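J.: give me the fold of what follows.
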Amino acid sequence: MVLFWHNHFATEAKDVQIPQLMYNQNQTLRQHALGNVKDLVKAVTRDPAMLIYLDGRLNRVGSPNENYGRELLELFTMGVNNYTQKDVAEAARALTGWTVNGLQAEFQARRFDAGTKTFLGKTGAFNDTEVVDIVFDQWQTAVFICRKLYRELVYQEPEEAVVAELADTLR
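T.: This next block holds a predicted model:
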């Protein structure tokens, strides 16, 4: 499962360039591999290797970087055509404030966009954990994750009725 999640939340040592961060990310995947998927996504969102790999460390108020917000929605949780460009932009705003200090993720409040955001139909002054909570409120998130797990662990051609049942359980 660690290998599955590492492939799902792909990062590359050549881009991160700090081996200890890659090791620590692997430990995070091990810790959460068989646990709550939402907790895993929250941990990966603040993971220093991911903050470097998808430019989250550069994401700040007034200059949001959409790289992680887009991948969070498209590759990690919901799949294509289940969100808008506006959702990506608002997610990026909510994900501001995180930097990497040595081997640790560090939140810097002065870099955080505390303004009101409208994301996937909800409005508030969301932060990173609230964005992940909203993503996991979406039916499509459960379907996307369950379909991917089914393809990896059961069969390449998933039965959609079974995927729907699994998604109900995941939710």
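J.: avg pLDDT for stretch 58-66?
T.: The pLDDT scores in stretch 58-66 average 97.
J.: could you do stretch 134-151 as well?
T.: Averaged over stretch 134-151, pLDDT sits at 98.
J.: begin at 444 from here
T.: All set: I'll call the first residue 444, so the last point we hit is now stretch 577-594.
J.: which parts of it are buried?
T.: Within stretch 577-594, the residues that qualify as buried are 577-579, 581, 583-593, counting by 16 or more other C-beta atoms under 10 Å. All C-beta atoms are positioned from the backbone trio N, CA, C, and that covers glycine.
J.: stretch 592-603 now?
T.: Within stretch 592-603, the residues scored as buried using 16+ other C-beta under 10 Å are 592-593, 601.
J.: ok, now stretch 498-518?
T.: Buried, per 16+ other C-beta under 10 Å, within stretch 498-518: 499-503, 507-517.
J.: with stretch 472-486 instead?
T.: In stretch 472-486, counting by 16+ other C-beta under 10 Å, buried: 472, 475, 480-481, 483-486.
J.: my guess is residue 496 contacts residue 461, does it?
T.: No - if you go by C-beta atoms under 8 Å, residue 496 and residue 461 don't touch, sitting 10.7 Å apart.
J.: which of these two has more neighbours?
T.: residue 496 (24 against 15; other C-beta atoms under 10 Å).
J.: give me the nearest residue to the residue positioned nearest the centre of the chain, chain neighbours excluded.
T.: Centroid check for the chain by C-alpha atoms, centre = their mean gives residue 515 as the closest residue, at 4.0 Å. Leaving aside its sequence neighbours, residue 515 sits nearest to residue 534 (C-beta to C-beta, 6 or more residues apart in numbering; 6.4 Å).
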